[in-house]
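Asks: Got a predicted structure here, sequence first:
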There are 2 protein chains.
Amino acid sequence: MNASDDSAGRTAPPKRKDARRNKEALLDAAAAVFVTSGVDAPVRDIAAKAGVGLGTIYRHFPTRADLIIAVYRHQVDACAEAGPALLASSATPHAALAQWIDLFVDFLVTKHGLAAVLQSDNPGCDALHTYFIDRLVPVCTHLLEAATEADEIRTDLTAYELMRGVGNLCIGADSDPRYDARRLVQLLIAGLRPPH
Amino acid sequence: MNASDDSAGRTAPPKRKDARRNKEALLDAAAAVFVTSGVDAPVRDIAAKAGVGLGTIYRHFPTRADLIIAVYRHQVDACAEAGPALLASSATPHAALAQWIDLFVDFLVTKHGLAAVLQSDNPGCDALHTYFIDRLVPVCTHLLEAATEADEIRTDLTAYELMRGVGNLCIGADSDPRYDARRLVQLLIAGLRPPH
DNA sequence: CGACGATACGGAACACTGTTCCGCTTTGCA
DNA sequence: TGCAAAGCGGAACAGTGTTCCGTATCGTCG
């Protein structure tokens, strides 16, 4: 079980209570700072907000990406779990896919700069990219297959490519009122439908 | 005329011949380094390749973005000028739009990391974003209007939004064989067509 | 042809990142 | 209560883009 826990990125809680307290404080501080300053906020700001030294942050979260993952894990999991539910409750698989993508887009767009970090080539941020992909691509594949079997989808687009494209479309959607990522994603999903 | 030249980002060539030589060397070096190391290559690498000091680079190109603009100006201009030509030579406005977007995507995808820099919020890179937008959005607007008048377009999508979306879709298209930006852009363009 | 002022150069230095390291403190158990 | 182990803080490192200024070069003018 430990192996699977670790592969999911989760770690056993620290033994000492000061360590537990600091880890909590860091997660809270990071969440708060991400909201106000975006996901790119300097590590030092987070440490300061948590009232903690830099060493502490890096012991609990070996890299910046790990902290981001820890902060958003629950929401990503919730999104992943909503996939099958939507498939069961929607009129058609294509509708389920569209709703699920909406969920994902809403999540990304409300986290300043997250979409940008998600695809950035910065070494160390691979972990973040990988986590999102590992968690969400299987769900998307499932939805995509259902829609394909129902002949509601035109191409043999990979779930990975779709997720990647949607993620990219969300970049900079905050911080630019002239750009509405939701609309473009809807267009992309519309483009998936087969021509009559 | 000087005013309009400046507003287009062009600057009068330096008076002294060593200055002219260095500017040329910098442009050549930058182009070469961008090809091998991507558009994010450190400024120091470019200066070294040009056999020039850091001060020199910043005198000729006040910011990183200005250097990138200077390197790609000709290609961006060519792309902009291809718009009206395509409109004249294509069967339908929608086809012209699709071909023009293809041109743009080809350009972006072959410049490692350019699409990413284009939307990045780094202060100083605004100039780059602005240059692309100013140069290409009018052309895109023109194509979009033609297609709209021919009833080949579904929504009232802004040219800005479309360019932005296409640019975003191209991010990371190099450096990831699993992701084919061209296909996603085609899907997006397909999504523009009106439903029957 | 020889000053000499304007122009341009080089690279050290600054500000800001993420990350590492290590001496010191705190904790929880024996 | 003592004391190893676990954890902590923040100085220090490495790598960015950018600024600054003493020095070298250029082109002109006498």
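Replies: Noted; the coordinates are in hand.
Asks: Not counting residues beside it along the chain, what's closest to A:L144?
Replies: In space, and not counting its chain neighbours, A:L144 is closest to A:A159: 5.2 Å by C-beta to C-beta, 6 or more residues apart in numbering or on different chains. Every C-beta, even on glycine, is put in place using the N, C-alpha and C of the backbone.
Asks: looking at it, that neighbour is touching A:C140, isn't it?
Replies: Yes - look at A:A159 against A:C140 with C-beta atoms under 8 Å: they come within range, at 3.9 Å.
Asks: From the neighbour counts alone, determine which of those two ranks first.
Replies: A:C140 (23 against 18; other C-beta atoms under 10 Å in any protein chain shown).
Asks: what sits against the residue nearest to A:L144?
Replies: Contact criterion C-beta atoms under 8 Å, 6 or more residues apart in numbering or on different chains gives A:137-138, A:140-141, A:143-144 as the residues in contact with A:A159.
Asks: so where's chain A uncertain?
Replies: Scanning chain A for pLDDT under 70 picks out the ranges A:1-10, A:123, A:196.
Asks: ranges for the helices of it?
Replies: With DSSP state H as the definition, chain A shows helices at residue ranges A:2-7, A:17-37, A:43-50, A:54-60, A:64-89, A:93-109, A:114-119, A:126-149, A:159-169, A:181-192.
Asks: Can you add distance to DNA strand D and give those helices back as TSV?
Replies: Formatted as TSV, the entries for the helices of chain A read as follows, by distance: least, C-beta to the nearest atom of the strand, whole Å:
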stretch	distance to DNA strand D
helix A:2-7	16
helix A:17-37	3
helix A:43-50	8
helix A:54-60	2
helix A:64-89	13
helix A:93-109	26
helix A:114-119	17
helix A:126-149	17
helix A:159-169	23
helix A:181-192	27
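Asks: For the residue of chain A found nearest chain B, which non-adjacent residue is spatially closest?
Replies: For chain A, the nearest residue to chain B under the criterion C-beta to the nearest C-beta is A:G191, separated by 3.3 Å. For A:G191, ignoring the flanking residues on the chain, the nearest one in space by C-beta to C-beta, 6+ apart is B:G191 at 3.3 Å.
Asks: The one you found and A:Q186, how far apart?
Replies: Noted for B:G191: a distance of 8 Å to A:Q186, by C-beta to C-beta, to the nearest Å.
Asks: again with A:A30
Replies: From A:A30 across to A:Q186, the span is 32 Å (C-beta to C-beta).
Asks: Check A:A50 too.
Replies: A:A50 sits 39 Å away from A:Q186, taking C-beta to C-beta as the criterion.
Asks: between these two, which one's more packed in?
Replies: Taking A:A50 and A:Q186 together and counting by other C-beta under 10 Å, A:A50 has the greater number of neighbours (21 against 18).
Asks: what residues are up against the residue nearest to the more buried one when sequence neighbours are not counted?
Replies: Once its chain neighbours are removed from consideration, A:A50 has its nearest residue in A:A29; the separation is 3.6 Å (C-beta to C-beta, 6+ apart). With contacts taken as C-beta under 8 Å, 6+ apart, A:A29 has the following neighbours: A:46-47, A:49-50, A:52.
Asks: Roughly how far does A:A29 sit from A:V71?
Replies: In this structure, A:A29 lies at 10 Å from A:V71, with C-beta to C-beta as the measure.
Asks: Repeat that for A:N22.
Replies: For A:N22, the distance to A:V71 - C-beta to C-beta - is 15 Å.
Asks: ok, these two, which is more surrounded?
Replies: Taking other C-beta under 10 Å, A:N22 and A:V71 do not tie; A:V71 has more neighbours (23 against 20).
Asks: gap between the more buried one and A:Y131?
Replies: For A:V71, the distance to A:Y131 equals 12 Å [C-beta to C-beta].
Asks: Same question for A:D121.
Replies: When C-beta to C-beta is the yardstick, A:D121 and A:Y131 sit 16 Å from each other.
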